[in-house]
Structure formats: structure tokens, C-alpha cells
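J.: Fold the following, please.
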Amino acid sequence: MIVLTESAVEAVRTALDKADAQTAGLRIQVEAGGCAGYKYMLGLVGAAETDDAVVSSGGVSVFIDPVSQPLLAGTTIDFVVALEGSGFTFDNPNATNSCSCGKSFG
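T.: This is a model prediction of the structure:
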């Protein structure tokens with residue numbers, strides 16, 4: 001379904017290590033909004049929801065809700081450190097366009 005690069009896995013592991021002990025993994029979902037139609041939403045959560053897809057990547061659990069699953073299928077998530085700032089990037093084969101910040105797509 002999705003792939004996290006080693007850099008992304010390390011970023012999530014670092015966040016999990018610093019978070020509350022009850023944090024189980026990373027939720028990734030897509031919501032309507034952003035300048036291109038949809039926006040990526042990421043956050044640490046304590047457990048998967050009942051109907052989530054659970055993907056394990058590099059020992060990190062990633063939870064994806066059923067609405068977001070088809071929009072994220074085949075996506076590679078990376079974590080980059082650059083002069084402009086650090087953050088997650090998304091290589092989403094389902095995106096027909098994206099905004100310049102890379103955080104929303106259509």
C-alpha cells in the first residue's frame with residue numbers, strides 16, 4: 001500500500017520515542033482541503049481504528065483509514081532535511097497535480 005523510506009522510518013521512530021508511552025504508531029490520512037484539493041494529515045495515535053489498514057514499515061506501524069487508502073495506494077513517504085526546512089515528502093502516483101509546498105494534491 002505505502003512505503004516509508006529509511007529516513008521517514010527514523011523520523012517516526014524519533015517522534016514515537018519522544019511521545020507518550022501509549023502512542024502506537026503514525027496515522028496518515030487525506031482530507032479535503034489544501035490548495036490542490038486534498039491535504040495530507042499525519043499524527044501519532046494510541047491505536048488503530050477498527051477499519052484502518054495497518055501497514056508495518058521498518059518496524060513502525062502506520063494506520064490508514066478506508067477513505068484515504070485508495071488515495072494513498074502506492075505512495076512513498078520520505079523525510080528530508082534541507083536548508084528550507086525539514087519534513088515529510090510524498091511521492092503519490094495517484095496525484096494528478098500538487099501545490100508547490102508538496103502538502104496537498106489533486
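
J.: And the helices in the chain, which stretches?
T.: 6-18, 69-72 (DSSP state H).

J.: Restricting to C-alpha, output the last one in PDB.
T.: Translated: helix 69-72. This file holds the C-alpha atoms of helix 69-72, laid out as PDB (Å, rounded to 0.1, in the frame of the first residue of the first chain):
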ATOM      1  CA  GLN A  69      -6.500   4.100   1.300                       C
ATOM      2  CA  PRO A  70      -7.200   4.400  -2.400                       C
ATOM      3  CA  LEU A  71      -5.800   8.000  -2.500                       C
ATOM      4  CA  LEU A  72      -2.600   6.800  -0.800                       C
END
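
J.: what packs against it?
T.: strand 25-33 (3 or more C-beta pairs under 8 Å, 6 or more residues apart in numbering; DSSP states H and E). (Each C-beta comes from the backbone N, C-alpha and C, glycine too.)

J.: burial count for the nearest residue to Thr89 once chain neighbours are set aside?
T.: Nearest residue to Thr89, sequence neighbours excluded (C-beta to C-beta, 6 or more residues apart in numbering): Asp78, at 4.8 Å. By other C-beta atoms under 10 Å, 16 other residues sit near Asp78.

J.: One more: Glu84?
T.: Neighbours of Glu84 (other C-beta under 10 Å): 7.

J.: got it, and Glu6?
T.: 11.

J.: pull the helix or strand with minimum mean pLDDT from the chain.
T.: strand 104-105 (a mean of 54; mean pLDDT, DSSP states H and E).
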